[in-house]
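Q: quick one: sequence and predicted model below, then my questions.
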Amino acid sequence: MGKKRTTQMSDVARAAGVSVMTVSNVLNGRPNVGAETRIRVLEVVDELGYEINLTARRLRTGRTGTVGLIVPRFDHQYYSELAARVSDALAPEGLHLVVEQSGATRERELSALSLARLQQYDGVLLSAVGLDFADLDRIRTDVPIVLLGEQEVPDRYHSIKMGNVAGARLATEHLVARGARRVAVLGGRLDTPHHDMASSRAQGWADALDAAGLAPDPALVIPLESFSIAEARAAIAERVAGGLAVDGVLGVTDEIAIGAMAGLRDAGRSVPDDVQVVGFDNLRISDHVSPGLTSVDPGHDAMVAHALRLLRRQLEDRGAAPEHVVSDVALVERGSTRRPK
């Protein structure tokens, strides 16, 4: 008995009544195919048992068609919105996104950057939290990597950072301009050995108070461990119930600021009448809490565009000089801060 003939892409095209190029577009997830045609091609693929040889494709093109995004947590709203934005930006090019959760630990971030894992991707966007400068400096790979985050990284990496200090300063200046004089920074940290999100935003808070002639009070720096809504809610409620005088709160993320609004309500305080609150991230949910959350917009779409541009640049030129981009920030005013009198 002769060997069974392997189904070819041309067989799928013939059975579906479309061109081979259309079949290729469907199988590669490219968007320029109508829904009915796409469904018909996929039905024929299933009927004929056609299988894509990913190994052969990579050998032929040198690409996997996949980008990896490694983030600390899936359950933090910022990272879910980031993943959605990256996926939407990749879709028109027929590229796919795989998202990994590192748990913000050194071990899992190193595992995600292992040679075997990296070979699955054309490029990787890494939000590094657990890895330090020395760890990153030891990693050697031909797979393009763009680092997302606030810590110091080796110059050879392309990186995207938020305007953390500038954004926190802008938020604190806004609170002071609206009459706040005892502004707490919830989730902030001072005197940390390495720059990170919490310390950078606390620095912006301190700079704004200094400029306004208001001495930063260490008692108003309230560190957090998990940066969760529940932790923020409990922390601010406990401090206020314990006698801490505050008339403004800068949450170092929107989720923390939302927790702060709930905690202030638990402590019998009204937002914005008694205490004004500003967040950082301008998450979509911030427009739908009550009152709406005034927040720092770090330029999400621009950061995603820059990150993917830097990946493409490395794919086209492996020797491309590294770029270090810092995003622009803007304040979006909503109901959690008072209107000017």
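A: Alright, I've got the coordinates.

Q: ok, now which ones touch the residue lying closest to residue 162 once chain neighbours are set aside?
A: Excluding the flanking residues, the one nearest residue 162 by C-beta to C-beta, 6 or more residues apart in numbering is residue 298, at 4.3 Å. (Glycine included, C-beta is placed from N, CA and C.) Going by C-beta atoms under 8 Å, 6 or more residues apart in numbering, residue 298 touches 162-163, 167, 280-282, 327, 329.

Q: which of those residues lies closest to residue 206?
A: residue 167 (13.8 Å; C-beta to C-beta).

Q: poorly predicted segments of the chain, please.
A: The chain contains residues with pLDDT under 70 at 1-5, 28-29, 52-62.

Q: domains for it, by residue range?
A: The chain breaks down by automatic domain parsing into domains covering 9-52, 66-162+299-328, 164-298.

Q: the ones you listed: which one's closest to residue 341?
A: Distance to residue 341, taken as C-beta to C-beta, is lowest for domain 164-298 among these, at 8.3 Å.

Q: quote the end-to-end distance of that closest one.
A: 8 Å (C-alpha to C-alpha, to the nearest Å).

Q: so for the helix or strand hosting residue 313, what gets flagged as buried?
A: Taking DSSP states H and E as the criterion, residue 313 maps to helix 300-316. Neighbour counts over helix 300-316 (16 or more other C-beta atoms under 10 Å) mark 300, 303-304, 306-308, 310-311, 313-314 as buried.

Q: name the next helix or strand downstream of that helix, please.
A: Past helix 300-316, the next helix or strand by DSSP H and E is strand 324-326.

Q: going by neighbour count, which residues of stretch 319-339 are buried?
A: Buried, per 16+ other C-beta under 10 Å, within stretch 319-339: 322, 326-327, 329, 331, 333-334, 336-338.

Q: before we move on, what about stretch 76-91?
A: Within stretch 76-91, the residues scored as buried using 16+ other C-beta under 10 Å are 76-83, 85-87, 89-90.

Q: now what about that stretch, what contacts it?
A: Contacts for stretch 76-91 (C-beta under 8 Å, 6+ apart): 29, 31, 67, 69, 71-74, 96-97, 99, 125, 127, 227, 253-255, 281, 283-285, 300-301, 304-305, 307-308.

Q: all strands for the stretch 1-150 of the chain, in order.
A: Ranges of strands in the stretch 1-150 of the chain, per DSSP state E, counting those that start in this stretch, are 66-71, 96-101, 123-127, 145-148.

Q: just the stretch 201-341 of the chain next, same as before
A: Using DSSP E, counting those that start in this stretch, strands in the stretch 201-341 of the chain cover 221-222, 248-251, 276-280, 294-297, 324-326, 330-332.

Q: quick one: closest of these to residue 152.
A: strand 324-326 (10.5 Å).

Q: who are the packing partners of the closest one?
A: strand 158-161, helix 300-316 (3 or more C-beta pairs under 8 Å, 6 or more residues apart in numbering; DSSP states H and E).

Q: dump those into CSV; add distance to residue 211 as well.
A: Listed next are the helices and strands packed on strand 324-326 as CSV, based on distance: least, C-beta to C-beta, whole Å:
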stretch, distance to residue 211
strand 158-161, 22
helix 300-316, 27
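
Q: of those, give the one that comes closest to residue 247.
A: Closest to residue 247 of these is helix 300-316 (C-beta to C-beta; 29.9 Å).

Q: any idea how far that closest one is from the chain center?
A: In terms of C-alpha atoms, centre = their mean, to the nearest Å, the gap separating the centre of helix 300-316 from the centre of its chain is 14 Å.

Q: cool, and stretch 247-254?
A: On C-alpha atoms, centre = their mean, the centre of stretch 247-254 falls 19 Å from the chain's centre.

Q: ditto for stretch 75-93
A: The answer for stretch 75-93 is 8 Å, by C-alpha atoms, centre = their mean.

Q: do I have it right that residue 42 meets residue 26?
A: Yes - Residue 42 is in contact with residue 26 according to C-beta atoms under 8 Å; the separation is 6.6 Å.

Q: neighbour count winner among the two?
A: Neighbour count, other C-beta atoms under 10 Å: between residue 42 and residue 26, residue 26 has more, with 22 against 15.

Q: before we move on, back to that, quick check: which of the domains of the chain is buried the most?
A: Ranked by mean neighbour count, these are led by domain 164-298 with a mean of 20 (mean count of other C-beta atoms under 10 Å).
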